[in-house]
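S.K.: Kindly return the folded structure for what I paste below:
(4 chains)
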4 protein chains.
Amino acid sequence: MLRIGVIGGHLCDDTLAGVARRVGELVAWEGAILVCGGLGGVMEAAAVGARDAGGVVVGILPGDDVRTANPGITIPIPTGLGEARNVLVVKASDAVIAIAGGWGTMSEAALCLKMGVPLILLKSDLTNLPVPEAETPEEAVVWALDQARTRGEPQ
Amino acid sequence: MLRIGVIGGHLCDDTLAGVARRVGELVAWEGAILVCGGLGGVMEAAAVGARDAGGVVVGILPGDDVRTANPGITIPIPTGLGEARNVLVVKASDAVIAIAGGWGTMSEAALCLKMGVPLILLKSDLTNLPVPEAETPEEAVVWALDQARTRGEPQ
Amino acid sequence: MLRIGVIGGHLCDDTLAGVARRVGELVAWEGAILVCGGLGGVMEAAAVGARDAGGVVVGILPGDDVRTANPGITIPIPTGLGEARNVLVVKASDAVIAIAGGWGTMSEAALCLKMGVPLILLKSDLTNLPVPEAETPEEAVVWALDQARTRGEPQ
Amino acid sequence: MLRIGVIGGHLCDDTLAGVARRVGELVAWEGAILVCGGLGGVMEAAAVGARDAGGVVVGILPGDDVRTANPGITIPIPTGLGEARNVLVVKASDAVIAIAGGWGTMSEAALCLKMGVPLILLKSDLTNLPVPEAETPEEAVVWALDQARTRGEPQ
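M.R.: Now for the predicted structure:
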């Protein structure tokens, strides 16, 4: 199965939450695994969207306690690694969708560029990144899945 | 869902492989997620057993390349953390079953004891650990699931 | 002792190397520890500058092999953590100086902003970061040491 | 410089503290760097012994806060990695001395055996490990330094 990462802030307004939820829903409908940092905001909205669509949702948590996972997470991975867990979110993804996001998200986006993980921005104010921007959740998910397929998968 | 970790060597003979496969099968039949280090030997046998029984199998890999995951892994988590990924295998498990195993397994077993993660030994030569030993895969899986439930789960 | 991190690319031209070497020299003269990622380019030039000035130079390496440390490193810390070691470079620093740098450096710079670690840019093309830019090594080191002191130190 | 790791519990009685302090003192007198987990008990006694003898003492901390480092630490490395930092203590050492110790120490000792890092026990109740046991701090430090030299060093 393809693994699509969703990165974004742990706080977000209803509009962004709706966008993230739709991204999660589409990822699940396409039969891909959604990977995120497992906490609130964009991560939670995308996770809940994917779970409600019957998807598998991996939450790579910064702490040790699975109870910190948002309700959309079906597979919590407590790491106790703190911020270092962000690297794992990127590495565990075949392609990444960044929704809005602050400096934590910028750090992960830069890691995608460094490590060659395909990245697309959606409603994001991360500026000056040499990556495509999507207008809609549909566009972002289609692009991410296409890139993920191109990178190849273990059978 | 409960998460049961299986730890053991990356090399094992057919007898141990059969034991590990049966453990994976039982974990999947019980509707629990199997967590392991994602490589060969005991990890692979347990993973294939769980996958063939329709289970979800998380492989927390030491390297960056998902293609190093054994064929039983349904959710590869490449970490690039090397040996430090062993800590994640323990943290991501509600309870752990150790099958045979060498020093890497002993290191993870000691982490279980330090972190209070329930651990049971099966066909293991890890000596002098103050933990129960199971005679059969059935006994190990029943005990691990019971301990995992007792530790409590999110929602 | 104060700990000043220097981040930047693993490749750099002679001009940048000269700048980095001077930064390392000044950090050592001020009696601070220089922290870096331990490899080549900007890291090596800064490390050699500090070592030649009699300083202590910590190199937090991505791999397991101390022999990958550049010749300026006096205290190699092999981590085997891969890219996740970048987080440690930031956490181990009271303040950070970014010299030039690509996406790896941007990832570390964004981490500084997320984690509240004082950051100053020197000859850096990292754009749109809300942090000061120094014209000279002297200016960068004076600012970084001042910020590091302000953050307080264990005695 | 050679790097000697000292592992042991974060609590210890005066007798063990005296042994650990002497180990630290000897490591510093030999001009080697002492590496430890940076917290209390055996780690603190060894660190203070080395610092008082003018040595360099690296403390690889589980948390983010340098103020958690014991007073003997001259170079704190906050990692925020939790238990995963134990792996770094082993990897950063050319040879390791285990003093007493519980399950956390056993986990690190097993890692030494897995990773081929020379390990010697001193006043340790870690049983059934195929490694030498020293009667005195002198014997432990001489053995560890000899093993560390044999493993070779980058110049």
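S.K.: Any stretches of chain A with poor pLDDT?
M.R.: A:127, A:152-155 (pLDDT under 70).
S.K.: Can you pull the residues of it lying near chain B?
M.R.: Proximity of chain A to chain B, by C-beta under 8 Å from any C-beta of the partner chain, involves residues A:1, A:3, A:33, A:56, A:58, A:60, A:64, A:66-67, A:69, A:71, A:74-81, A:87-88, A:91-92, A:153-155. The way it works is simple: take the backbone N, C-alpha and C, and place the C-beta from them, glycine included.
S.K.: Give me the subset of those that also touch chain C.
M.R.: Intersecting the residues of chain A next to chain B with the contacts of chain C gives A:81, A:87, A:88, A:91 (criterion: C-beta under 8 Å from any C-beta).
S.K.: Against chain B, how distant is residue A:82?
M.R.: As judged by C-beta to the nearest C-beta, to the nearest Å, residue A:82 and chain B stand 13 Å apart.
S.K.: Does the residue nearest to that residue when sequence neighbours are not counted belong to a helix, a strand or coil?
M.R.: Once flanking residues are discounted, residue A:82 sits nearest to residue D:80: 3.5 Å by C-beta to C-beta, 6 or more residues apart in numbering or on different chains. Three-state call for residue D:80 (DSSP: H, G, I helix; E, B strand; the rest coil): coil.
S.K.: For residue A:80, see how far away residue D:80 is.
M.R.: Distance from residue D:80 to residue A:80, counting by C-beta to C-beta, to the nearest Å: 9 Å.
S.K.: where exactly do the helices run in chain A?
M.R.: A:14-29, A:42-52, A:85-91, A:103-115, A:137-151 (DSSP state H).
S.K.: How about the shortest one and chain D, touching?
M.R.: This means helix A:85-91. No - Helix A:85-91 lies out of reach of chain D by C-beta under 8 Å from any C-beta, never closer than 9.7 Å.
S.K.: helices and strands around that helix, which ones?
M.R.: The contact analysis (3 or more C-beta pairs under 8 Å, 6 or more residues apart in numbering or on different chains; DSSP states H and E) places helix A:85-91 against strand A:3-8, strand A:57-61, helix A:103-115, helix C:85-91.
S.K.: would you turn these into a markdown table with mean neighbour count?
M.R.: Listed next are the helices and strands packed on helix A:85-91 as a markdown table, based on neighbours: other C-beta atoms under 10 Å in any protein chain shown:
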| stretch | mean neighbour count |
| --- | --- |
| strand A:3-8 | 29 |
| strand A:57-61 | 27 |
| helix A:103-115 | 23 |
| helix C:85-91 | 26 |
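S.K.: Turn these into TSV, including distance to residue B:20.
M.R.: Output for the helices and strands packed on helix A:85-91, formatted as TSV (distance: least, C-beta to C-beta, whole Å):
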stretch	distance to residue B:20
strand A:3-8	25
strand A:57-61	24
helix A:103-115	33
helix C:85-91	33
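S.K.: Which of the ones you listed sits closest to residue C:108?
M.R.: Taking C-beta to C-beta, helix C:85-91 is the member of these nearest to residue C:108, at 5.0 Å.
S.K.: How far off centre is that closest one?
M.R.: Mean-position distance between helix C:85-91 and its chain equals 10 Å (C-alpha atoms, centre = their mean, to the nearest Å).
S.K.: With stretch A:108-122 instead?
M.R.: For stretch A:108-122, the distance from its own C-alpha centre to the chain's C-alpha centre is 11 Å (C-alpha atoms, centre = their mean).
S.K.: what's the answer for stretch A:135-142, then?
M.R.: For stretch A:135-142, the separation from the chain centroid amounts to 13 Å (computed by C-alpha atoms, centre = their mean).
S.K.: in that stretch, what's buried?
M.R.: A:137, A:140, A:141 (16 or more other C-beta atoms under 10 Å in any protein chain shown).
S.K.: Apart from its chain neighbours, what residue comes closest to the first one?
M.R.: Of all residues beyond its chain neighbours, the one nearest residue A:137 is residue A:22 (4.1 Å), with distances taken as C-beta to C-beta, 6+ apart.
S.K.: now do residue A:53
M.R.: Per C-beta to C-beta, 6+ apart, closest to residue A:53 is residue A:28, 3.7 Å.
S.K.: Contacts only, for that neighbour.
M.R.: Counting by C-beta atoms under 8 Å, 6 or more residues apart in numbering or on different chains, residue A:28 makes contact with A:34, A:49, A:50, A:51, A:53, A:54, A:55, A:56, A:57.
S.K.: Any idea what the residue lying closest to residue A:56 once chain neighbours are set aside is bridged to?
M.R.: Setting aside the residues directly before and after it, residue A:56 is nearest to residue A:33 in space (C-beta to C-beta, 6+ apart), at 4.8 Å. Using DSSP bridges, the beta-bridge partners of residue A:33 come out as residue A:3.
S.K.: Residue A:33 contacts residue A:2, doesn't it?
M.R.: Yes - counting by C-beta atoms under 8 Å, residue A:2 is a contact partner of residue A:33 at 7.0 Å.
S.K.: neighbour count winner among the two?
M.R.: Comparing residue A:33 with residue A:2 by neighbour count (other C-beta atoms under 10 Å in any protein chain shown), the higher total belongs to residue A:33, at 24 against 19.
S.K.: In contact with that one, which residues?
M.R.: For residue A:33, the contacting residues are A:1, A:2, A:3, A:4, A:27, A:55, A:56, A:57, A:58, B:75, by C-beta under 8 Å, 6+ apart.
S.K.: separation between the third one and chain C?
M.R.: Taken as C-beta to the nearest C-beta, the spacing of residue A:3 relative to chain C amounts to 18 Å.
S.K.: Would you confirm that that residue contacts residue A:35?
M.R.: Yes - counting by C-beta under 8 Å, residue A:35 is a contact partner of residue A:3 at 5.2 Å.
S.K.: Between the two, which contacts overlap?
M.R.: Counting by C-beta under 8 Å, 6+ apart, the residues touching both residue A:3 and residue A:35 are A:58, A:92, A:93.
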